[in-house]
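Enquirer: Predicted model follows, preceded by the sequence.
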Amino acid sequence: MITRKDFIKVAATFGLTSTILGLSNMFQRGGVFATEALASKALEIQNSRYKKRAKFNLKFGAAGFNEENLKIERQGALFFISDIEERTDGEIRIEFIGDNRICGQLNCVKKCREGSVDLYASSTQNASPNAIYFNVLDFAYLWPGRAAQYYFFYHPKSEPLFRKPLREQHGLQFLWTHCELRNIMLGLKYKDKPNVMTVEGLKNMKLRVTGTRLGRIAMKLLGTNPIPVAWEETKTFLKAGIIDGAETWSSAVGYSKLTPFIAQDVRCEFFSGNEHAAMNLRKFEELDPDLQNAVMESAYLTQNHVQMANEAALLSTVGISEPPLPGTLYHKYSVRNCYWNKSELDKAEQMSSPVYNPDPWAKWREKLNKMAGDVDIFQELHAIAREIPAHTKAIDVDPRRWWK
């Protein structure tokens, strides 16, 4: 079994990115393997990646992700790197820099816009303070389910309504994203308490919230007390009992090792959760046209991969089922999935959605409408999200090249 010390030793010899890609490749094959096998695979990948001189060497600031936690939340960064390097025959080479070593959830987008990293991964919600157009995804109960989210990101209208404003307003070339919906994760003080199955059960709870302004509006309308806490500090706040819980999505609980400190996953699914990747627009435009096309094709293939891989991981790795499957994180740590019934979800929607309660959203809606090109962006997204039946499974959404 590979220890962290063994991994560092191999990485020091063959390069961090090649070693991470090698470890990811071996994990996919399953089984137990020795340090010598990892070294051999890392050497093979290193030789392949450096068989010729790259035209473009890019830095990928991957926040807190690494080869281990990307097996839990299938964000797709390593898949993308492997595909784009092979697709361009090494003309694009990417250095993966995770574990918060070059940027974190709250500042990766800032560093990408400044050009100190060329690509980054973070949640759109954590990116939103530095790129406020990301807030368009966060209206309460905009998305009926994960299928509606994937459907939108493949949709041709995602180009004029979402991707183009990100380029024009923030200098970002949006590439791909994972899709989940945000729930309320209650800490261990709720381990021996009944499942929270109603909106009233959340009243006045102190809950960690991301940087999203719209997410805070939603939480207040549902009667909770949102408290901004950096993602990296959430575990500390939960352990100390400073907060009752946190709003986030289920695979984030798994990859960030929060699962031992969570008792209930209250599945109110009240706004979007997206671990995305984007590229500095200036750097993208520096690429030759054929390499720009390669980036888009690799992003499309990565979106396909993430759609299927993360849906599988939610069931078989995280434990999103009732009961959680044996061997999943939720089963191991006795996290209870609290599925709200339709009438309770409808009640929460009527309390918080702009459809039923428009006034609290008016200021931000006007701001985002202008950024979108003077369209009613909420109404546009709301309509697209309902072009498919609400009960559609995420794995049944057909992929489309959104830019064609």
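Expert: That came through, no problem.
Enquirer: What lies in contact with the helix or strand hosting Ala383?
Expert: Assigned by DSSP states H and E, Ala383 belongs to helix 377-385. Contacts of helix 377-385 from elsewhere in the structure, counted by Cβ atoms under 8 Å, 6 or more residues apart in numbering, are 136-137, 139, 142-144, 148-149, 151-152, 155, 157, 161, 354-355, 361, 365, 368-369, 371-372. Using the backbone N, CA and C atoms, a C-beta is placed for each residue, glycine as well.
Enquirer: How far does that helix sit from its chain's centre?
Expert: Helix 377-385 has its C-alpha centroid displaced from the chain centroid by 21 Å (Cα atoms, centre = their mean, to the nearest Å).
Enquirer: quick one: buried residues of that helix?
Expert: By neighbour count, with 16 or more other Cβ atoms under 10 Å as the criterion, the buried positions of helix 377-385 are Ile377, Phe378, Glu380, Leu381, His382, Ile384, Ala385.
Enquirer: and the residues you listed as CSV, adding pLDDT?
Expert: Formatted as CSV, the entries for these read as follows, by pLDDT from 0 to 100:
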residue, pLDDT
Ile377, 98
Phe378, 98
Glu380, 98
Leu381, 98
His382, 98
Ile384, 98
Ala385, 98
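Enquirer: quick one: which of the residues you listed is nearest Cys338?
Expert: The nearest member of those to Cys338, counting by Cβ to Cβ, is Ala385 at 24.0 Å.
Enquirer: what's the distance between that closest one and Val335?
Expert: Separation of Ala385 from Val335 (Cβ to Cβ, to the nearest Å): 28 Å.
Enquirer: All the helices of the stretch 251-400 of the chain, residue numbers only.
Expert: 281-286, 289-313, 329-332, 342-352, 362-371, 377-385 (DSSP state H, counting those that start in this stretch).
Enquirer: For the fourth one, C-alpha coordinates in CSV please.
Expert: Just to be clear, that refers to helix 342-352. Extracted C-alpha coordinates of helix 342-352, given in CSV (Å, rounded to 0.1, in the frame of the first residue of the first chain):
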residue,chain,number,x,y,z
LYS,A,342,-42.8,16.7,-2.0
SER,A,343,-45.2,18.8,0.1
GLU,A,344,-42.4,20.0,2.3
LEU,A,345,-40.2,20.8,-0.7
ASP,A,346,-43.1,22.7,-2.3
LYS,A,347,-43.5,24.6,1.0
ALA,A,348,-39.8,25.5,1.1
GLU,A,349,-39.9,26.6,-2.6
GLN,A,350,-43.0,28.8,-1.9
MET,A,351,-41.2,30.5,1.0
SER,A,352,-37.9,31.2,-0.9
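Enquirer: Does anything pack onto that helix? Which helices or strands?
Expert: helix 213-221, strand 262-273 (3 or more Cβ pairs under 8 Å, 6 or more residues apart in numbering; DSSP states H and E).
Enquirer: ditto for the fifth one
Expert: When contacts are defined as 3+ Cβ pairs under 8 Å, 6+ apart, helix 362-371 packs onto helix 213-221, helix 377-385.
Enquirer: Save those helices as TSV, and put in distance to Leu345 too.
Expert: Supplementary listing: the helices and strands packed on helix 362-371 in TSV, determined by distance: least, Cβ to Cβ, whole Å:
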stretch	distance to Leu345
helix 213-221	13
helix 377-385	15
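Enquirer: closest one to Val253 among those?
Expert: Smallest distance to Val253 across the helices and strands packed on helix 362-371 (Cβ to Cβ): 16.7 Å, for helix 213-221.
Enquirer: The following helix or strand past that closest one: partners in the sheet, and parallel or antiparallel?
Expert: Taking DSSP H and E as the definition, the helix or strand that follows helix 213-221 towards the C-terminus is strand 225-228. The strands beside strand 225-228 in its sheet (DSSP bridges) come out as strand 206-209 (parallel).
Enquirer: quick one on the thing from earlier: with distance to His170 as extra columns, can I get the helices of the stretch 251-400 of the chain in CSV?
Expert: Shown next, in CSV, are the helices of the stretch 251-400 of the chain (distance: least, Cβ to Cβ, whole Å):
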stretch, distance to His170
helix 281-286, 8
helix 289-313, 17
helix 329-332, 34
helix 342-352, 27
helix 362-371, 9
helix 377-385, 15
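Enquirer: buried set for stretch 169-181?
Expert: Neighbour counts over stretch 169-181 (16+ other Cβ under 10 Å) mark His170, Gly171, Leu172, Gln173, Phe174, Leu175, Trp176, Thr177, His178, Cys179, Glu180, Leu181 as buried.
Enquirer: sec struct for the fourth one, please.
Expert: Assigned state for Gln173: strand (three-state reduction, DSSP: H, G, I helix; E, B strand; the rest coil).
Enquirer: tell me, how many neighbours does the nearest residue to Asn341 once chain neighbours are set aside end up with?
Expert: Take Asn341 and drop its neighbours on the chain: the residue closest to it by Cβ to Cβ, 6 or more residues apart in numbering is Met197, 7.8 Å away. Using other Cβ atoms under 10 Å, Met197 has 16 neighbouring residues.
Enquirer: what's Met197 in contact with, if anything?
Expert: If you count contacts by Cβ under 8 Å, 6+ apart, Met197 has them with Cys338, Trp340, Asn341, Glu344.
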